[in-house]
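Engineer: just to be clear, the model below is a prediction. Sequence and coordinates:
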Amino acid sequence: PPSLPPPPPLHPYLLSSLLSLPSLPSLPSLPPPALLMPGDSRSDADADASLLSLVWRNVPEESSAATAYPSALVFCHVVHKGVQIGSVAGLMVGLYHLAWKGMRGKELRRAAYLASAKSLLAGAALGMALFTKKVLSLSSEESEVGIGEAMDRAYRLYHSPRQNQTDRFSLVGMGAGMAVALGHAGAFCPVVALGGASLGSAFGLLVNGVFLWMTPRKK
């Protein structure tokens with residue numbers, strides 16, 4: 001078959017025009033979306049963008065940083081506070097079974113784990129319900145005010161040494177209690193895991209209360 005003729009060469013003026021086209025401007029990088037509520041800002045250079053800081057905070061006193069997720073921090077705090085209240089309630093039920101019903105051994109552990117697991121889940125559900133009710137009750141005019149209140153509350157929580165210490169003791173107690181309960185049971189059981197975590201949180205809060213009582217509050 002006959003070969004196709006080569007394409008005509010580009011005109012020198014057209015070639016120079018193509019080479020002199022301005023480069024397209026680079027698009028600015030968008031920050032990751034905020035969590036839970038609109039209006040959370042990550043533009044602050046000092047903002048702490050670590051998700052771990054939502055539940056585990058150990059902020060130096062000289063730090064002026066703030067969390068990058070103020071609404072999420074308030075949400076985690078409310079849920080964690082509900083878990084702490086539920087864990088103390090579960091411990092009270094366990095002591096009731098021990099003192100008034102005279103339960104001992106395996107029967108006492110089964111009743112304490114079940115009651116503590118239920119109270120922990122109830123406390124977490126209560127915290128989520130309270131936060132959700134508060135958010136849904138805000139009108140469009142009040143939403144900006146609510147975001148501002150959340151940011152202010154998150155900053156004060158982020159820089160509250162006593163509250164942060166309480167949460168850390170609760171979390172360490174939950175982990176230790178779950179490990180001890182599962183180790184004693186010899187097999188994984190959701191009720192035992194949640195019950196042990198709940199009782200561990202209650203004991204962690206008790207130890208933290210002793211530490212706070214022995215440590216004078218700074219003025």
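Structural biologist: Nice, thanks for sending it over.
Engineer: for this structure, where's the lowest mean pLDDT among helices and strands?
Structural biologist: Lowest mean confidence among the helices and strands of the chain (mean pLDDT, DSSP states H and E): helix 12-19, at a mean of 43.
Engineer: next up, the contacts around the closest residue to Ala112 other than its chain neighbours.
Structural biologist: Distances taken as Cβ to Cβ, 6 or more residues apart in numbering place Gly94 nearest to Ala112, at 3.6 Å, with adjacent residues excluded. (Glycine included, C-beta is placed from N, CA and C.) Contact analysis of Gly94 by Cβ atoms under 8 Å, 6 or more residues apart in numbering lists 108, 111-112, 115-116, 199.
Engineer: pLDDT on the lengthiest helix in the chain, on average?
Structural biologist: Longest helix in the chain, counting residues (DSSP state H): helix 105-136. For helix 105-136, the mean pLDDT works out to 87.
Engineer: helices along the chain, start to end?
Structural biologist: Under DSSP H, the chain gives helices at 12-19, 70-99, 105-136, 140-158, 161-185, 190-214.
Engineer: and the third one with helix 190-214, angle?
Structural biologist: For helix 105-136 against helix 190-214, the angle by axes from the mean of the first three to the mean of the last three Cα atoms, to 10 degrees is 80 degrees.
Engineer: got any ranges where the protein has weak pLDDT?
Structural biologist: Residue ranges of the chain with pLDDT under 70: 1-47, 101-102, 138-147, 218-219.
Engineer: recalculate using a threshold of 80.
Structural biologist: Applying pLDDT under 80 to the chain flags residues 1-50, 58-67, 97-105, 134-150, 216-219.
Engineer: follow-up on the earlier one: which among the helices of the chain is found nearest to Ser64?
Structural biologist: helix 140-158 (9.8 Å; Cβ to Cβ).
Engineer: Arg57 is in contact with Ala66, correct?
Structural biologist: No - using Cβ atoms under 8 Å, Ala66 is not in contact with Arg57, being 11.5 Å away.
Engineer: more neighbours: which of those two?
Structural biologist: Using other Cβ atoms under 10 Å, the more surrounded residue of Ala66 and Arg57 is Arg57, with 22 against 19.
Engineer: OK, contacts around the residue nearest to that one when sequence neighbours are not counted?
Structural biologist: Spatial nearest neighbour of Arg57, excluding adjacent residues (Cβ to Cβ, 6+ apart): Asn164 at 4.4 Å. Applying Cβ under 8 Å, 6+ apart to Asn164 gives the contacts 57-59, 157.
Engineer: kindly report the same for Val180.
Structural biologist: Contacts for Val180 (Cβ under 8 Å, 6+ apart) come out as 196, 200.
Engineer: distance of it from Gly127?
Structural biologist: Using Cβ to Cβ, to the nearest Å, we find Val180 at a distance of 25 Å from Gly127.
Engineer: swap in Pro190?
Structural biologist: 20 Å.
Engineer: burial count for Met128?
Structural biologist: Met128 has 14 nearby residues by other Cβ under 10 Å.
Engineer: so it sits right up against His77, yeah?
Structural biologist: No - using Cβ under 8 Å, Met128 is not in contact with His77; the gap is 11.9 Å.
Engineer: by neighbours, which of the contacts of Gly94 wins?
Structural biologist: Ser116 leads those on contacts (other Cβ under 10 Å) with 32 neighbours.
Engineer: for it, give me its contacts.
Structural biologist: Ser116 neighbours (Cβ under 8 Å, 6+ apart): 87, 90-91, 93-94, 194-196, 198-199, 202.
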